[in-house]
Every structure is written in C-alpha cells, then in structure tokens.
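Visitor: Just to be clear, the model below is a prediction. Sequence and coordinates:
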Amino acid sequence: MEMQKLYSLVPLAPLVGAIVAGLFCRVIPRWVAHTVTIAGVAISCFASFLIFRDVLAGNTYNGPVYQWLTSGGYRFEVGFLIDQLTVTMMLVVTFVSLMVHIYTIGYMQDDPGYNRFFSYISLFTFSMLMLVMSNNFMQLFFGWEAVGLVSYLLIGFWYTRPTAIFANLKAFLVNRVGDFGFILGIGLVLAHFGTLDYAAVFAKAPELAGTTLHLFGKGEGVALMTATCILLFVGAMGKSAQVPLHVWLPDSMEGPTPISALIHAATMVTAGIFMVARMSPLFELSDTALSFVIVIGAVTALFMGFLGIIQNDIKRVVAYSTLSQLGYMTVALGASAYSVAIFHLMTHAFFKALLFLAAGSVIIGMHHDQDIRNMGGLRRYMPVTWITSLIGSLALIGTPFFAGFYSKDSIIEAVALSHIPGARFAYFAVMAGVFVTAFYSFRMYFLVFHGEERFGKAAADAHGHADHSSHAPESTHAGSSGGHEDDHGHHSDDAHDAHHHGLAPGEKPHETPWVVTLPLILLAIPSVVIGYIAIEPMLFGDYFKASIFVDATAHPVMKELAHHFHGAFAMATHALTTAVFWLAALGVALSWFFYLKRPDIPAAIKERSGWLYKLLDNKYYFDKFNEVFFAGGARLLGRGLWKGGDAGLIDGIIVNGSAHFVGWFARMVRLFQTGHIYHYAFTMIIGVFVLMTLWVTRA
Amino acid sequence: MSGTPLLSLAIWVPILAGLVVLATGSDRNAPLARALSLIGAVAGLLVTIPLYTGFDLHTPAMQFVELRPWIPRFNVNYHLGVDGISMLFVILNSFITVTVVLAGWQVIDSKVAQYHAGFLIMSGLLNGIFSALDGVLFYVFFEASLIPLYLIIGIWGGPNRVYAAFKFFLFTLFGSLLFLIALLYLFISSGGSFSILDWHRMPIGMTAQTWLFLAFLVAFAVKVPMWPVHTWLPDAHVEAPTGGSIVLAAIALKLGAYGFLRFSLPIAPDASHELAGLVIALSLIAIIYIGFVALVQEDMKKLVAYSSIAHMGFVTLGFFIFSPLGVEGALVQMISHGFVSGAMFFSIGVMYDRAHSRLIADYGGVVNTMPKFAAFFMLFAMANAGLPATSGFVGEFMVILAAVEHNFWVAFAAASTMIVGAAYTLWMYKRVVFGSVANHHVAELSDINGREFLVFVLFAIGALGMGLYPQPFTEVMHSSVDELLRHVALSKIQ
C-alpha cells in the first residue's frame, strides 16, 4: 500500500469506530461496539508499526492532506509530518489505547453507557493521533482542543454525580487558560513567520532569533523567541498539568479508571511534553524560556510528589505520582534533553498505564472501594494484579534495569549537567523527588497488597472517612440491570447510595477476568524491558535524527551525557553505587517500616504536624484560592457589570432616563396649554411688550 | 442561467409565498398554511443556490446585477447585485428561514398563517438588504424588515413583549434616522446619485467623512449591537418566540456588521482608519464586559443573547484590523454565528416548549430524560465556546491571529473569550443538562421528535461542515475582501 494512505488510515480507523459506536450507541449490541472500536484501534496500531519500520528505514514524510482554509495569503492545511518523534508517539498512543480498549470490556461490563464509552475512547485516540501527526500549528491546536473535549466528556462520564460534572467543567476551563496562552503563541508565530507550517517555521527560526518585541512600551523589549516559547509553554502547562495549572488533574480521577490510564496518565497529559519537544528548534533559541520551563517542571515534580504521600484514594495516589512524573519530563525539556523527556514519556506511558489499570483491577476486586486503608493483603487473592503492580511500582521508582530507571536516571544526570539558570534548584527537586516517589509508591503498594486484611467492613464504614474530601467512590454498578443498552443510563445518585461499595464482612476480593489481566501483563513487559532496549538508540544513537534539534554548543547536555554512558548494562550496575539508588531504597524501606512494621508512627506524625498536614491536605490551597478569587471574582464582576452597568447606568439612567425626561418635559409643556383664552391673550401682550422694549432700547 | 434575475427571485419568492400564506386566513387552514410556508421557504432557498454555484471567484465586481429605474425623478434605481461579501448572507438567510418555519411548526397554534407569513416576508426583505446597491432601496428594505420582526415579538412574544418590541423599535429607529441623514448628504454631495457604488468612488473631505462615519456608526452599532447600545437585544430575545430569536440572532444582527463593510469602510476610509481605535475599544469591551455579564445570567435566553453580543464583538474587531485575515475571519464569524446562535436559541426553545421556563434554576439533569437533545445541545454549546472542528472556532481563530499581527494586547484581550466564553456556556450546560433529575418537570420531559431532530441536523451540518472545511466559504470572499481593503487603504481626501 502507498504510505500516504497508510498514514491516513492510522487516525481514520479509530474515527470510524468512534462514529459507528457513537451514532448507533442506542441500537447496536455491546459486542458490536467493542469489536468495531477495538478493530479500529488494532488496525491503527498495526499500521503504526508498519510506518515505524518504514521510518527506521529512513523514509520520513511531510505533506498536506487537504487545504483547510486560505486567507490573506496564509494557507492553513491539514497535513501529516511523519518522522521519528511522531512515530514514537503513534506507537505509544495506539498500543496503550489498544490495551485500554480491551481492558474496558471487563471494567465497564455492568455500565449502561458501555457503547458510549467505547465511542469516546476511540474518538480520543483519533484526536490524539491527529495531534501528534500534525505538520502545522493549526492542526496541533485542533487536536489539542479535541483531546480536551473528549477528556471533558469522559471525566463527566457519570453525569449524574455532582463531583464528576464539577471536575469536568474545571478541567475544561483550566485547560482553556492554557490554550489562551497557546493561541497567542501561535498568533506570534503566524505574525512573524508568516506561516504555521512546522518545517517552514523551524527553517526561519534562526534568522528571527534576534527579533525583539516591545510589548511593554519602550525599553528593553522581550525577545520574540522568549515570548513565543513561554506562551506556547503555557498551553503545555494546561494540558500537561504543570503548577499552577495542575489543579484539574487530581479531580479528573472522577472519570472511569480506563480513561485515567489512557488520557490522564499515558497520552493526553503528555501532549504538552511532546509539543515542546516538537518545538525544540524554537525553545533552543531562548534560554529564558528554558529556565522558565525547568523551574515550573521542578516545582511540579517535587511539590506534587509530597501530596501523593497523604492520599488515601488509590487513584489519587497514582494521579499525584503522574503530576510529579510530568514534572520530571518538563525538567528534562528545560535542560535541553528533549530526547530524554520523550524517552521518559514513553516508559512512563507503559508503567503508569499499568499502575492505573492495576489500580482499576484492585477497585473491581474491592467492589468499588477505592480507599487503600480498607485494603491490605490482596496479594493472596489477586496474584496477577499484585505482581504487575509490583513491576509497575519498581519501574516508577527507578529500580535499576526497569524501564523507569533508565529514563529517570537520565533526566537526573541531564539536569546535573545543565547550566541553564534554575538547573541547580531543579537538580535538588528531582533528587528529593526520587525519595518521595519511592516512599508514596510503596506506601500504596504495602497498604494494598501486604499487611493485615482490613477489608470486609464495608457495611460498617465504607463511607465513614469524612476527613477527606476526595472520596467519591466510583461505581460501574449503578444501573445494575446490565443488559439494557441505554446510551445515557439512569444511574441516579439514589442508586449509588443504595449500593454498598466495598466488600461485606466475610467477602473476599477476587482476581479479575482475563480481559483485565491480559492488558496488565502486556503492559508489564515493556515496563521492564523497554528502557534497556531503547536507551542507547533513543538518547545516544541517532534514532531521533532531525526530528529533535539541540544546539550542542549552547546546551551541550546530551553530548556530555553520552560521554558518561557505557551501555545499558553498565549504567544499571553503576547506579547501585549512586545516591539516587540509595534515596529510592531508603524511601521503600521507610514506607515498609512506617506502614507494615510500625503503623503507629505515621499516625503520630500526622497528629503532631498540624499545620503541615493541613497545608498538604488542602493541596497548598490552590483550589480554595481559585474558587474564591477566580470563580467568585468573575461572578462578582459579572453581577456588578450587569446590575451596575447594563441595568443601572445604561438602561436605568440613559435609556429609561431619556424616556422619563421626554415624559417630564411633555408634562411641563402641557401646563402651558391651559385652554383659557385670557391666558393666551396675556402671554401675547407680554410678548409684544418685550419686543417693543427691545426695539426701543436698541434705537 | 445568466438571464435569470436570481436576486429578484431571492427577494420576491419568499415575499409572494408569504402573501399566499397570509391569504389562507384563519387558523382553520393552519395545516395548509404550514405546508405552503415550508414550500415557500424551500423554494426561496433553492433559488439562491445558483448564486453560489454560478459565482465567479475571480472578480471583486458585483455579480448577478439587475438595474432598472425606480423613481427616475430622484435617480433612484432598483439596483441589485452581490459580491463575495454579501452573497453568502443571502443563502444563509434563506437557509435560516427554512429552519424557522420548521421550528414554529407545531409550537405556534394561534394566528399560524400570519406568523409564517411574517417570517417569509421578512426573509425576502432581508435578502433585499444584502443585495441592494441603491441607497434608497437599501434604506427601504432596511426599515421595512423591522416591521415583521416588531410584529412577531409584539404578537407572539412573552408577557413583557410590548416593552421589548418598543425598545427594539425605538433603538433601531434612532439609529436609522442618522443613517437617513447620511444618505441624503451623500445624495446631494454626489450630485444626485443614490448608487452605493458611486459613493464608494466619490472623494470626500475629512470632516464630512468623520460625520458620515459617526452617523453610520450609530446606525450600525445599534443593529450589531455594540456596547453600549446593546441593551435592547437581551430584552427582545427574552420576549421573542423561538423563531423570532433565531432570525434576530442569525440574520438581523448581521445587518449592522454588513453595513460597516458596505458603507462605513468604503465611503469613509480615512475616517475609518482615524476612528478604528474607537471601534476596536468598543469591540473589546463587548467581548470582555459582556462575557462577564453573560456568566451571571439566570435566564438561558439572556445568556445566549449576551454571548451573541460578545461574538459580534469579534466581527467588528476583525473589520477594523484592516487585514484580509481579520475581515474574512469576521465574515466567517458572522456566518458561523448564524448557525450556532440559531441552534442555541432553538435548543432553548425546545426546552421551553416542554417545561415553559427559560430559567436555568428550573432545570437540571435534562440528559436523563432527553439524551438525544443533550447530545445536540452539547455540540452547539461547544461551538458557542469556539471548539475546533466547529464553525465557532474558525472565525475566532482567524480574528485572534489577525489581531496579534495588529497589536499583541488587543489579541490578548480578545483571546480571553477562550476562557470566559467556555465558562458561561459550559457552566450553563452543566446546570441545565448534567446532574440528577432536578424536579418533576424535568422528569416529565420527552426527547426531541422527528421535526426537531431535522432542525438540529440542519444546524449541525452548518456548524460542523464549516468547522471541518471552511475553505468553500472563504474562497468566495477573497476577491471582494482584497478589493475592499485595497480601496480602504487609499485616501479619499483631495
């Protein structure tokens, strides 16, 4: 087959599945919905693999599909750029998506919105592929917003739950704040480069490196590249949940677990990372922008990690760990180690999707109780979930030889070598982050799979944890007559409350069916081996070729990193003697001691560290601030302008005021129209008298 | 084909159809009146199709021109013609008329013939506005189109309809008065010509241009409406029946914006440049101020009315950037707003027909009882919030990009609509559609029927089609917009 057709097939196959499952969700049986969508994604995944082989053989592509719009001499096209970076993303997206599709058969089996769910996740896959395959900023923005839309729809999938529809609105609006910056960045690109085509923009970038904009009146001005890159990065901060636009991601856990894995861990949230890597020819021209990136990433990596420590909802622990890992990727971007960021993006996609899907498996096993304090000892009942979770956690904390080790260790090394302002702070943050990550990851792991069995108390206190606001246990059971194919099911809140979450006394967790465990196993494999295999070609070989650009004289990080690299095996054995490894080991040991050996100690710490615990429990008060200042402020302003401006000033005084004035004037004038002849005669006499006086005095 | 007076057909077919419908008389013949009006509306749409298919992309000149003397003594002519700027609006208007007839099909059950006749006649008059090339002819259509809308609000409107109808009429009449004076001045100073095209070519001094520009500004700003002469619109929308709101939002608001392109810019180019800052400032106020006001509305129709004002702010902003991208973006925004706001008002009408309330607080959990409706409403809400792949995105995107070229901070202010626009639209959607069933009224709602489904599909084709492939819409504009901007760049002062 012609390659161009194959390129189009990759996004279109999931789109067809989404349309069939979506438009006909009320009439087709479930097996049709999942077969057609899975087939679409499988075709897409297979085609991506063929393209990958073709790209490895040296065949890249950059060309239009159709002309979307022409105006004022500008051309906006929909087109594909197929290179090493694109195809890496295509493989990750389609593979994880395929795993999630299969997993969903088991996870959503009792949900009345089954067909709708499949339609959404296939639509997501299409949107994400359009985003990564784009050859221009316009289509990038298309995909960017489209994945945001699907994320909105999926977070609010259970639309009767107040927490879910609050979370999806919040996610959309926070993302829009990012997009606000993003579109202005795109505007600067168009205004100064005259095109939105990547290749043309990148080719022209060096000659515009010296351009300055006078955005703030006269004076120094801001470098065009700095302004453009920071604005584009604001978009990335929204989508990839960097502080302070991170607030939507923990709440997005209101969505069903499969999409937490696919969208809010493995793919969509990494769009910002991908975008910055794609824009490397621009970011390389502004050290200020890179400093901004590295500082934001470092803050996210460390401070979001802290929050993971105190979460008790299994999904929220993983969510905060995602935030923290996204911070690591961002730090790598800031250090000009774009290939390392993409490498970590890839390994993270596998092990984080694995951890989320495993968490979902635990949730099924626990009958939709998500509180890790009610678990314990699950390894005896859910062996596959247990082992795969262990693999995922080991990969996450960076255990030598596991995938996460290679990518995370490379990030830390790269930051250590970077001289960009802010790199010192970032180095401290990512080092401390290693310990924190190991601590909260294994806290969760020990509490869930080891120790005493704390489940079986659901009837007593499944909802009794009022100390935390984030306990909206998710349910797929609500409309429990699993047979009917209602698109928008009738799972009201009453049904939720009537249904007990968690295991009743005497009930035991059970291992989940094969459609759930198979994806876990298939994801566990790359979580172990992909780092070992891929590090050499991706970071130090010429895998990425021209798709990522690094100014090696100004930012020689990757070159120096290559000096220290002596093969994947040597890297892992050498790591055993480094501080990074021992920090992680210390984190694991400490969590073992705290949560298995002496559970009284963390309880005592929590007691004594009053204000610190409160600060963390309130997530540094970001949410409260946003609610009061932005949401409340906007409503106050709106009401003021409405009542004061529109109703008060314009309508009250000017419009109705002039109507009243006309009425008043008419009433006044009417007083003179008395109808008595002697009034008129008297007025005339006075008039004649006045005129005569004037005439006489003038003469 | 070239001999067929297509523009006359576009004007007179709906008007004649309206008169025929009116002749059916009392409500006993209501089914006949409905059928005839649908035939009339579809026929009216069909005769406009050749305007697109037969349109010559390569000339900025007027096409499908008809010229006959009307009042020879004052040199007034029946002079029609369209260019790339006006042609699409004739088709859009005829399209909207079909949806309006369908939207009022079962809902209007008193004075059915008169209601439908009003819309058909108005449709013809509106086509007249977009194709008139003679000042007097334009003015006659412009004023005459007020009457059907005034009657529609005043007769089939809500409880406070008389106040709203008067407010609407007086505001627009106030603007028209200055417009008339400007026309007469142009007639005299051009040595006795009412031809708009002559006026375009005529040199005018700076002082006269400034006065003309200000007179036009008042007249058109009321129609658009621009801040601060916008307060009639929310009242008119709230009281108007669904069909009235659709035409008001989709077409009537475009008249003012169209006037800027046909009169203000080409007749007073120097004053347009001089006073562009004023218009841009008013546009930005419309986008930001009105956006926040929309956020706190309790009545859905008011909310969408305010959002219309904000969206029209993008139109006036785009015009006064004086770049092809900006002007075409503004034109795209006008057409898109026709689909999207029409669909939004129709959505609210669908709920109002069932539950007889427009208040957000009276709803909640509509998705549980009206899933199909909720899906369509989601599509149009997203289009209203400017999501890519819907038409709502294209115009905003183009205008924002053009604004960055012009001045970064103007773009910055305009782009804030990305956040505020999404906030007011989706917050409303959340409170109305999502959640559990809020009360027994919502519990009793029935999902959309076949007729409503058809109307939604028509709007959806417009909104999605234009979002996915806007090229067919913009390519017809290029020649005319380029010519307009070339013309506006030349000084008229001698």
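Guide: The structure has been received and is ready for your questions. Since the structure is predicted, the reported quantities are computational estimates derived from the model, not experimental observations.
Visitor: what helix or strand is residue 291 on?
Guide: In the absence of a named chain, this looks at chain A. A:Ser291 is part of helix A:287-309 when elements are defined by DSSP states H and E.
Visitor: my bad, the chain I had in mind was chain B
Guide: Judged by DSSP H and E, B:Gly291 forms part of helix B:276-295.
Visitor: can you tell if that helix touches chain A?
Guide: Yes: with CB under 8 Å from any CB of the partner chain as the measure, helix B:276-295 is seen reaching chain A through B:289, B:292-295. From N, CA and C alone the C-beta is placed, and that goes for glycine too.
Visitor: Which other helices and strands does the strand or helix carrying B:Ile153 contact?
Guide: B:Ile153 is part of helix B:146-156, with elements assigned from DSSP H and E. If contacts are counted by 3 or more CB pairs under 8 Å, 6 or more residues apart in numbering or on different chains; DSSP states H and E, helix B:146-156 sits against helix B:112-131, helix B:161-189, helix B:242-247.
Visitor: from the middle of its chain, how far away would the second one be?
Guide: Relative to its chain's centre, helix B:161-189 lies at 18 Å (CA atoms, centre = their mean, to the nearest Å).
Visitor: Can you list the neighbours in contact with the helix or strand following it?
Guide: With elements assigned by DSSP H and E, the helix or strand that comes after helix B:161-189 is helix B:196-201. Applying CB atoms under 8 Å, 6 or more residues apart in numbering or on different chains, the external contacts of helix B:196-201 come out as B:62, B:132-135, B:138, B:186, B:190, B:193, B:262-263, B:266-267, B:487.
Visitor: Can you list which of those residues are found in helices?
Guide: Using DSSP state H, the subset of the contacts of helix B:196-201 located in helices is B:135, B:138, B:186, B:266-267, B:487.
Visitor: Mark which of the residues you listed are buried, thanks.
Guide: B:135, B:138, B:186, B:266-267 (16 or more other CB atoms under 10 Å in any protein chain shown).
Visitor: so which of those comes closest to A:Thr330?
Guide: Comparing these against A:Thr330 with CB to CB places B:Pro266 closest, at 51.2 Å.
Visitor: Correct me if wrong: that closest one contacts B:Ala489.
Guide: No: with contact defined as CB atoms under 8 Å, B:Pro266 does not count as touching B:Ala489 (11.2 Å).
Visitor: Determine the three-state secondary structure at whichever residue of the stretch 201-350 of chain A sits closest to chain B.
Guide: Using CB to the nearest CB, A:Leu215 is the residue of the stretch 201-350 of chain A that sits closest to chain B, at 5.7 Å. At A:Leu215 the chain is in coil, as set by DSSP: H, G, I helix; E, B strand; the rest coil.
Visitor: isn't it right next to A:Ala227, touching?
Guide: Yes: here A:Leu215 reaches A:Ala227: they are 6.8 Å apart, a contact under CB under 8 Å.
Visitor: in the stretch 351-500 of chain A, which spans are helices?
Guide: Assigned helices in the stretch 351-500 of chain A, in chain order: A:383-397, A:403-417, A:423-449, A:458-461, A:493-498 (criterion: DSSP state H, counting those that start in this stretch).
Visitor: Point out the most buried one among these.
Guide: Most buried of the helices of the stretch 351-500 of chain A, by mean neighbour count (mean count of other CB atoms under 10 Å in any protein chain shown): helix A:403-417, with a mean of 27.
Visitor: Counting by contacts, list what that helix packs against.
Guide: helix A:314-334, helix A:338-365, helix A:383-397, helix A:423-449, helix A:514-535, helix A:557-564, helix A:568-575.
Visitor: And those: which comes nearest chain B?
Guide: helix A:314-334 (21.3 Å).
Visitor: Run the angle between the closest one and helix A:338-365 for me.
Guide: Angle, helix A:314-334 to helix A:338-365, by axes from the mean of the first three to the mean of the last three CA atoms, to 10 degrees: 180 degrees.
Visitor: Check which helices and strands helix A:314-334 is in contact with.
Guide: helix A:248-251, helix A:257-261, helix A:271-278, helix A:287-309, helix A:338-365, helix A:403-417, helix A:423-449.
Visitor: Format the CA atom coordinates belonging to the fourth one as CSV.
Guide: The one in question is helix A:287-309. What follows is helix A:287-309, C-alpha atoms only, in CSV (Å, rounded to 0.1, in the frame of the first residue of the first chain):
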residue,chain,number,x,y,z
ASP,A,287,17.5,30.4,27.4
THR,A,288,14.9,32.4,29.4
ALA,A,289,12.1,30.2,28.2
LEU,A,290,14.1,27.1,29.0
SER,A,291,14.7,28.4,32.5
PHE,A,292,11.0,29.1,32.9
VAL,A,293,10.3,25.5,31.8
ILE,A,294,12.8,23.9,34.1
VAL,A,295,11.7,25.8,37.2
ILE,A,296,8.0,25.1,36.6
GLY,A,297,8.8,21.4,36.0
ALA,A,298,10.9,21.2,39.1
VAL,A,299,8.2,22.7,41.3
THR,A,300,5.7,20.3,39.9
ALA,A,301,8.0,17.3,40.3
LEU,A,302,8.7,17.9,43.9
PHE,A,303,5.6,19.5,45.4
MET,A,304,3.1,17.3,43.7
GLY,A,305,5.0,14.3,45.0
PHE,A,306,4.5,15.5,48.6
LEU,A,307,0.8,15.4,48.0
GLY,A,308,1.0,11.8,47.0
ILE,A,309,2.1,10.8,50.4
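Visitor: Show me what it is packed up against.
Guide: Short answer (3+ CB pairs under 8 Å, 6+ apart): helix A:287-309 packs on helix A:224-239, helix A:280-283, helix A:314-334, helix A:423-449, helix A:610-617.
Visitor: any low-confidence regions in chain B?
Guide: B:1-2 (pLDDT under 70).
Visitor: residue boundaries of the strands in it?
Guide: B:63-71, B:76-82 (DSSP state E).
Visitor: Help me see whether the longest helix anywhere in chain B makes contact with chain A, please.
Guide: Assignment by DSSP H gives helix B:324-355 as the longest helix of chain B. Yes: applying CB under 8 Å from any CB, one finds helix B:324-355 in contact with chain A at B:324-326, B:328-329.
Visitor: got the helices and strands packed on helix A:287-309 as TSV, with mean pLDDT columns?
Guide: Listed next are the helices and strands packed on helix A:287-309 as TSV, based on pLDDT from 0 to 100:
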stretch	mean pLDDT
helix A:224-239	92
helix A:280-283	92
helix A:314-334	92
helix A:423-449	92
helix A:610-617	82
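Visitor: Just give me the residue closest to the centre of chain B.
Guide: B:Ile251 (2.6 Å; CA atoms, centre = their mean).
Visitor: Determine the angle, from 0 to 180 degrees, between the helix or strand in which A:Thr88 is found and helix A:338-365.
Guide: Assigned by DSSP H and E, A:Thr88 belongs to helix A:84-107. On the basis of the same axes, to 10 degrees, helix A:84-107 is oriented at 0 degrees to helix A:338-365.
Visitor: Against which helices or strands is helix A:84-107 packed?
Guide: Helix A:84-107 packs on helix A:3-23, helix A:30-56, helix A:114-133, helix A:257-261, helix A:271-278, helix A:338-365, helix A:514-535, going by 3+ CB pairs under 8 Å, 6+ apart.
Visitor: now with 7 Å?
Guide: If you count contacts as 3 or more CB pairs under 7 Å, 6 or more residues apart in numbering or on different chains; DSSP states H and E, helix A:84-107 packs onto helix A:30-56, helix A:114-133, helix A:257-261, helix A:271-278, helix A:338-365, helix A:514-535.
Visitor: A:Leu616: which of the helices and strands packed on helix A:403-417 is closest?
Guide: helix A:314-334 (10.4 Å).
Visitor: contacting residues for the closest residue to B:Val327 other than its chain neighbours?
Guide: Leaving aside its chain neighbours, B:Val327 sits nearest to B:Val481 (5.1 Å; criterion: CB to CB, 6 or more residues apart in numbering or on different chains). Listed by CB atoms under 7 Å, 6 or more residues apart in numbering or on different chains, the contact partners of B:Val481 are B:84-85, B:324, B:327-328.
Visitor: hmm, try it at 6 Å
Guide: B:324, B:327-328 (CB atoms under 6 Å, 6 or more residues apart in numbering or on different chains).
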